[in-house]
Structure formats: structure tokens, C-alpha cells
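Visitor: structure for the following, please:
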Amino acid sequence: MKKPKLIILPLLALVLSGCSISNIISSETESSNSESSLNESSEDVSISEDTSTSEDSSISEEGTSEEYADEFERFRKTYPTDPIIPYEDSDYIVKDFPNGFTYPINARVQPTNAYLEFWHPETELNFRISASKEIFNLIEQCGYHDQKYADLYFPVTLNLKMNGKELTYYEVGMRMKGNTSRTQFLDEHTKDFIACISFKLSFNELWDEDIYESFGLKKEWKKSTHPEWKVRDDRTFMCDSSGKSGMKKIDVKWNKSPDPSLVMQPFVFSFFQRNGLISQNSTLATLKMNDTRFGVVTINEPIDKHLLRRYFDTDSAKGDLYKVGWGETEAGNNDRVKGSLRYEDLRFDSEGKLLARGIVGEEDKFNYYTPAYDAKEYNSKIDNPFEKIVNLMRVLKDLEGKQVAEYAPLLEEVIDVSSFLRYAALCYLTGNPDDMRNLGNNYYIFFNPSEGNKAYFIPYDYDWSLNINWYGGTLDNLSPYHSKHEGDGRKWQSNRLFWATIINKDHHSNRDPDYDIILNSAYRNEYKNFVSQFSNDSQFSGTYYNEVYATYRTTYENKTTSDLDNRIGRLVSPFESTEIMTGFINGIKNTIEHQL
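Guide: Predicted coordinates:
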């Protein structure tokens with residue numbers, strides 16, 4: 001994301017007072033190898049059931065705005081490096097993953113032993129995040145109250161225990177994430193935690209951009225003069241012993257859905273992986289921020305170029321990547337449309353060029369711009385940088401009025417159709433009301449340059465699935481060929497791709513929109529075979545779901561207590577039941593038996 005060079009704001013530091021800064025930006029960071037800094041930030045990494053205040057995380061209620069500004073001054077002028085990781089690659093526990101998935105041998109980046117241990121379902125992870133109340137207040141202000149600055153990161157210390165191994169990372173960037181899940185999470189007066197949030201952690205933030213000057217946090221270091229800059233810029237999480245091949249970011253999600261089993265996302269994403277789709281990893285961890293326990297949370301691997309490099313070789317991984325959801329059609333227009341790949345939703349100027357700040361573009365929260373097709377990876381320096389996705393929409397529109405033999409080669413030039421049919425079958429079986437098919441939402445498109453920029457579809461955001469939904473209905477009794485957006489008031493399916501591959505228009509009257517697309521029976525048969533194959537997979541069963549549940553529950557059952565349980569009206573992380581999810585799996589299997 002491009003950030004403006006300089007935005008003049010009131011110095012938010014001056015309106016916050018009454019607290020001292022935490023050791024993330026304290027004088028202890030003046031020495032990159034300070035023993036006192038290491039001890040204070042990693043003494044109590046595990047999340048204890050003891051609610052007493054530990055010495056290493058206490059935050060004084062004394063303080064002044066001058067003291068606050070002084071601490072930020074130290075942050076700007078000091079350049080801490082993390083304690084040396086004492087573990088060799090051979091020290092990490094590497095086991096076969098139960099879903100049998102492995103990354104392709106020709107991927108640009110192979111998983112490290114640390115990475116493999118981190119994502120394994122039998123690994124115990126304990127996250128401890130430390131920061132001052134001022135830092136958390138900035139995260140709330142920018143992430144909720146003024147989302148113009150929602151993509152800015154603020155510095156925290158991360159301590160992690162992984163199967164007993166202790167790791168410390170200084171000045172990790174933290175910001176809120178999510179669309180509907182953003183909320184006020186601090187008490188207005190005390191700045192204590194009053195709610196759970198989902199957030200993103202970034203491990204290579206530099207704070208050297210002009211925008212951070214407005215917050216008193218612009219660091220005074222440069223690539224050319226400070227070796228620490230390069231160290232930070234290259235920092236990855238769960239890397240090998242040379243510091244390479246790790247992750248730049250991770251996502252942390254609280255159990256907002258709510259999922260009574262807690263294991264829905266690890267189950268679903270591993271099922272996508274097992275059956276041949278590009279998919280993020282997912283697991284559980286305990287979370288503590290300062291002295292507040294948040295119970296068990298979900299850790300997800302972001303969908304970004306670093307994930308793509310684990311699936312593709314060097315040349316292929318350079319392809320364009322879009323995040324797709326609902327978005328505005330043009331600047332100043334309050335209309336929002338689904339991400340259903342409709343060419344009609346595009347807006348062009350008098351010369352036939354895409355309107356700037358239209359439905360396709362690069363998100364710019366500084367200027368309140370969120371397109372439905374958000375370009376995450378693309379070449380902004382070429383003419384028509386968004387032509388690949390525009391062409392995909394154009395081809396889908398041009399399916400109308402053509403015979404199957406005429407349009408099939410055109411469609412197969414722009415989409416890996418077999419991969420899409422796998423994706424569609426798995427989406428059906430995992431019952432997400434908020435996905436591409438049911439709401440025109442929550443998926444990524446990757447254009448593979450090694451295959452003529454064919455499109456691949458990547459699942460995203462599955463905290464609503466397996467009959468966990470917000471509208472009270474059920475998806476396990478729907479036909480595999482259902483024709484409605486179930487998460488959008490049962491409106492007709494508006495994505496032409498489904499009408500060409502799965503839905504037979506001749507079986508439906510009074511359609512709106514009324515697409516003149518002839519179903520390709522070969523595609524539908526392939527989809528049917530995938531649905532049958534995947535539904536009969538031993539890992540798509542209530543029995544296996546309970547195995548996943550038991551694995552995580554054994555690890556975390558005694559560590560689920562959250563200090564916010566009573567405040568939000570329910571248990572945050574209960575490990576309560578698998579009944580809803582296993583009931584859905586059994587129900588959809590029954591539907592398939594009678595309707596496929």
C-alpha cells in the first residue's frame with residue numbers, strides 16, 4: 001500500500017496522558033543486546049491462569065504527557081535487534097501433517113522446520129504481547145475511530161513460547177484487522193481492555209515513513225547509514241537459522257463467530273489444502289496482552305506474495321493477486337456491489353479507460369477507498385495494470401449467446417477451470433454463507449504468469465462456515481447445484497462462472513439476472529465428481545472433526561479462560577461442542593446422497 005509522504009495531524013501523543021510507555025520503546029532498548037531488556041520482555045511468556053499482575057508487564061498509572069513524548073523520542077532514536085534465536089533447524093519438531101499436505105518441491109520458498117512446527121496441530125503456542133496503554137490506544141484510534149489510518153502499524157513486543165521454546169521479537173508492528181469485527185476495545189477512561197479484537201502482526205516494519213512523524217513515531221534511521229535498518233527490513237517469523245524463508249506477517253482472530261469447537265478454521269483450511277487448493281495455514285494459540293488473558297485465538301497465515309512463493313516457482317509467484325469482496329463502484333458513489341466478476345460493474349471514462357478509484361484498484365484507506373477488487377500484487381508501472389482481471393470479466397460476459405464448443409476454449413485461456421471446480425466443490429462442502437458463491441465475497445484471485453495468466457481462486461475468511469452463520473438458516477440441505485446467493489437474501493447467483501459450470505439455466509425461470517449461458521455438461525460432471533470424491537474423503541467426517549477437536553482441546557483445554565468472558569456476555573474460547581459442525585457434515589453428506 002502506498003502511504004502519503006506527509007500528513008499534518010495534531011500530535012496524538014499530546015492528548016494521551018496518565019501512563020508510562022512500555023519497554024517496547026523504553027530506554028532498555030538503547031542497547032540491542034541488553035540483558036535487562038531480554039529478561040523483562042520474556043520472563044513470563046506463558047499465559048498463566050494466575051490473574052495477579054506480573055512484574056514484567058506492569059504499567060504504571062503515574063506519568064505525564066512529557067514523559068510519554070520522551071519515551072517516543074527514545075523509540076525514534078534507538079534501534080534494537082532481537083535476542084539471537086538459540087535454536088538450530090534441527091531443534092524444531094517436524095512431524096507429518098495429518099492432512100498429508102506438503103508444499104511442492106519446485107516452490108520458490110520451502111517451509112522451514114520452525115514454520116512446520118509452528119503450524120502443526122499438536123504444537124502448543126503461547127503468545128504474549130506487551131505495549132504501553134498509549135500504543136494500544138493508538139491502535140484503537142486508528143483501527144476503529146478513524147479508519148483512515150487503519151493500515152498503520154504500531155510497535156509492540158512479542159514473546160512466544162512454542163512447545164517450550166522461547167522467542168522474543170522487539171518492535172513488531174500491530175494493527176486491527178477485519179471489516180465488521182472492528183470495535184472499541186479499551187475502556188474510555190482507564191484504557192484497560194474491555195473487548196477482543198482481531199489483528200495483524202508485521203515483523204519487518206521500519207517506521208521510517210513520513211506519516212509516522214504525525215504520531216511522534218518516525219524512526220531516524222536509513223538503509224544507507226544504519227545496519228539495523230537492513231536487519232529489520234529482512235526480519236521474518238519462523239525462519240531458518242540464517243534468518244531466511246520465514247513469514248513477514250501473521251493474522252490473529254478472536255472467536256467472534258462464535259465457533260463452539262474453536263477448530264473450524266484449522267479444519268477447513270487443511271481440507272482445502274489436502275484437496276489441491278492454494279490455502280493458508282491455520283492453528284490455535286493462547287493470547288495474553290499485558291496482564292489481560294484473551295483465552296484461545298486462531299492464528300492464520302495471510303494470503304500474500306510470501307504464501308504464493310510456497311506454492312509456485314520464482315517466475316510464477318510474481319503473478320497479480322487480488323482480494324475480492326464488496327466494494328464501491330466509483331468515487332463519491334455510495335453504491336456497493338458484490339465481487340461477482342460482472343463486467344457491467346466496471347466504470348470507464350470517455351476514452352475507455354478504467355475510472356480511477358473505481359471497482360478495481362489498490363485500496364487506499366488514507367483516502368477512504370476500498371475497491372471490490374483490491375489489487376494486492378500487480379505492476380503499477382505498466383499501461384492498463386488491471387487488464388488481467390478486466391479481461392477475465394470480459395470473457396465471462398462474452399460467454400452469453402455462444403455454444404459450449406465456442407466458449408470453452410476462451411474460458412480455459414483465462415481460468416484454470418479444473419482448479420475452480422475443485423474450489424467450488426470444497427466451498428459447497430464447507431458451507432460458508434460469506435464466500436464467493438453465497439455472498440460474492442471473501443476470496444482471492446491469483447493470475448499465474450507461467451500459464452498465460454490463468455486465474456486461480458483462493459479461499460479466505462472461514463470463521464463463518466460449517467453451519468456457523470449469522471442469519472439462522474442452514475446450508476446443509478442445499479443442492480450442490482443451488483442457484484442463489486444464500487448469504488444475500490436468496491438473490492439469484494450473479495456470477496456467470498457458476499452458470500457456465502454448475503447451474504443449468506433451463507431448470508430455472510424468472511431469473512434475474514437472466515444470463516443466456518449454456519451450461520457446459522463436462523464441467524458440471526467434473527464438479528459433480530469432485531463433490532462426490534471430497535465428501536467421501538475420510539477427513540470430511542464428524543469422526544475426523546472430533547479428532548481435530550480432541551487434539552487442540554488436549555493442548556489448550558486448561559488455558560481457555562479469558563478475563564473478558566463476563567464482559568462480552570459469553571465465553572471467548574470455550575471448547576464447548578462440535579455438534580453444529582459434525583451435524584452439518586452429516587447433513588450435507590445426506591443431501592449429496594439424494595441430490596447429486
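
Visitor: do a quick rundown of the strands in the stretch 451-596 of the chain.
Guide: Using DSSP state E, counting those that start in this stretch, the strands of the stretch 451-596 of the chain run over residues 454-459, 484-485, 491-492.

Visitor: how near is the nearest residue to residue 121 once chain neighbours are set aside to residue 274?
Guide: Once flanking residues are discounted, residue 121 sits nearest to residue 551: 5.1 Å by Cβ to Cβ, 6 or more residues apart in numbering. Bear in mind the C-beta positions are built from the backbone N, C-alpha and C, glycine included. Using Cβ to Cβ, to the nearest Å, we find residue 551 at a distance of 16 Å from residue 274.

Visitor: I'd say the residue nearest to residue 121 and residue 123 touch.
Guide: No. Residue 551 sits out of contact with residue 123 when judged by Cβ atoms under 8 Å, with a separation of 10.2 Å.

Visitor: tell me where the model's unsure across the chain.
Guide: For the chain, the stretches with pLDDT under 70 are 1-68, 331-332.

Visitor: and the gap between the residue with the largest distance to the centre of it and residue 519?
Guide: Ranked by distance from the centre of the chain (Cα atoms, centre = their mean), the top residue is residue 403, with 39.5 Å. Residue 403 is 12 Å from residue 519, where distance means Cβ to Cβ.

Visitor: now do the helices in the stretch 151-300 of the chain.
Guide: Under the criterion DSSP state H, counting those that start in this stretch, helices of the stretch 151-300 of the chain are mapped to 227-233, 264-274.

Visitor: what does the shortest one contact?
Guide: In this case it means helix 227-233. Helix 227-233 is contacted by residues 32, 79, 80, 81, 171, 204, 205, 206, 208, 221, 222, 223 when judged by Cβ atoms under 8 Å, 6 or more residues apart in numbering.

Visitor: on that earlier part again, what would the strands of the stretch 451-596 of the chain look like in TSV with mean neighbour count and distance to residue 445?
Guide: Conversion of those to TSV gives the following (neighbours: other Cβ atoms under 10 Å; distance: least, Cβ to Cβ, whole Å):
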stretch	mean neighbour count	distance to residue 445
strand 454-459	23	5
strand 484-485	19	19
strand 491-492	16	22
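
Visitor: residue 534 is nearest to which of those strands?
Guide: strand 454-459 (13.3 Å; Cβ to Cβ).

Visitor: tilt between the closest one and helix 264-274?
Guide: Interaxial angle of strand 454-459 relative to helix 264-274 (axes from the mean of the first three to the mean of the last three Cα atoms, to 10 degrees): 150 degrees.

Visitor: okay, and the beta partners of residue 491?
Guide: Beta-bridge partners for residue 491, by DSSP bridges, are residue 485.

Visitor: returning to that earlier point: looking at the helices of the stretch 151-300 of the chain, which is buried most?
Guide: helix 264-274 (a mean of 24; mean count of other Cβ atoms under 10 Å).

Visitor: give me the residues contacting that helix.
Guide: Residues outside helix 264-274 that contact it (Cβ under 8 Å, 6+ apart): 97-101, 121, 253, 257, 259, 279-284, 298, 300, 426, 429-430, 459, 462-463, 465-466, 468, 534, 537, 539-540, 545, 548, 552, 581.

Visitor: and if you look at stretch 241-252?
Guide: With Cβ under 8 Å, 6+ apart, stretch 241-252 has contacts from 85, 87-89, 109-112, 114-115, 127, 177, 198-204, 234-240, 285, 287, 297-302, 304, 306.

Visitor: tell me where the stretch 401-550 of the chain has helices.
Guide: Under DSSP H, counting those that start in this stretch, the stretch 401-550 of the chain gives helices at 404-414, 417-430, 436-439, 496-501, 521-535, 542-556.

Visitor: list the buried ones in the first one?
Guide: Pointing back at helix 404-414 there. 404, 407, 408, 411, 414 (16 or more other Cβ atoms under 10 Å).

Visitor: got the contact list for that helix?
Guide: Everything outside helix 404-414 that qualifies as a contact, by Cβ under 8 Å, 6+ apart, is 391-392, 395-396, 398-399, 417, 452-455, 500, 518-522.

Visitor: make a ChimeraX selection of whichever of those turn out to be buried.
Guide: In ChimeraX, a selection of the buried entries from the contacts of helix 404-414 looks like this (16+ other Cβ under 10 Å):
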select :391,392,395,396,399,417,453,454,455,500,518,519,520
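
Visitor: coming back round to it: spatially, which two of the buried residues of helix 404-414 are the most separated?
Guide: 404 and 414 (16.1 Å).

Visitor: off-centre distance for the top strand by length along the chain?
Guide: Using DSSP state E, we find that the single longest strand of the chain is strand 165-176. Centroid separation between strand 165-176 and its chain, computed with Cα atoms, centre = their mean, to the nearest Å, is 17 Å.

Visitor: next one: stretch 571-580
Guide: Distance, centroid of stretch 571-580 to centroid of chain: 22 Å (Cα atoms, centre = their mean).

Visitor: quick one: residues in contact with it.
Guide: 196, 254-255, 260-263, 294-297, 466-468, 542, 545-546, 549, 552-553, 556-557, 560, 562, 564-565.

Visitor: isn't residue 373 right next to residue 321, touching?
Guide: No. Residue 373 is beyond contact range of residue 321, at 10.8 Å (criterion: Cβ under 8 Å).

Visitor: and the two? which has more neighbours close in?
Guide: More neighbours surround residue 373 than the other of residue 373 and residue 321, with 25 against 22 (other Cβ atoms under 10 Å).

Visitor: partners of the more buried one in the sheet?
Guide: residue 324, residue 360.

Visitor: how far does stretch 459-469 sit from its chain's centre?
Guide: Distance of stretch 459-469 from the chain centroid (Cα atoms, centre = their mean) equals 13 Å.

Visitor: quote the end-to-end distance of that stretch.
Guide: Criterion Cα to Cα, to the nearest Å; first-to-last residue distance in stretch 459-469 is 17 Å.

Visitor: related to what we said a few turns ago, keep only those of the contacts of helix 227-233 that are in strands.
Guide: residue 171.

Visitor: which one of the contacts of helix 227-233 is nearest residue 142?
Guide: Set against residue 142, the nearest of those by Cβ to Cβ is residue 205 (13.9 Å).

Visitor: rebuild the strands of the stretch 451-596 of the chain as JSON lines, extending it with distance to residue 447.
Guide: Formatted as JSON lines, the strands of the stretch 451-596 of the chain follow (distance: least, Cβ to Cβ, whole Å):
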{"stretch": "strand 454-459", "distance to residue 447": "6"}
{"stretch": "strand 484-485", "distance to residue 447": "25"}
{"stretch": "strand 491-492", "distance to residue 447": "28"}
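
Visitor: nearest to residue 384, out of those?
Guide: strand 454-459 (16.8 Å).

Visitor: need the contact partners of that closest one.
Guide: Contacts of strand 454-459 (Cβ under 8 Å, 6+ apart): 268-269, 272, 277-279, 303, 388, 392, 413-416, 419-420, 423, 426-427, 432, 435-436, 442-448.

Visitor: list only buried entries from the residues you listed.
Guide: Buried residues within the contacts of strand 454-459, defined by neighbour count using 16+ other Cβ under 10 Å: 268-269, 272, 277-279, 303, 388, 392, 414-416, 419-420, 423, 426-427, 432, 435-436, 442-448.

Visitor: still on that earlier bit, direction included, what does the longest strand of the chain pair up with?
Guide: Going by DSSP bridges, the partners of strand 165-176 are strand 154-162 (antiparallel), strand 199-202 (antiparallel).
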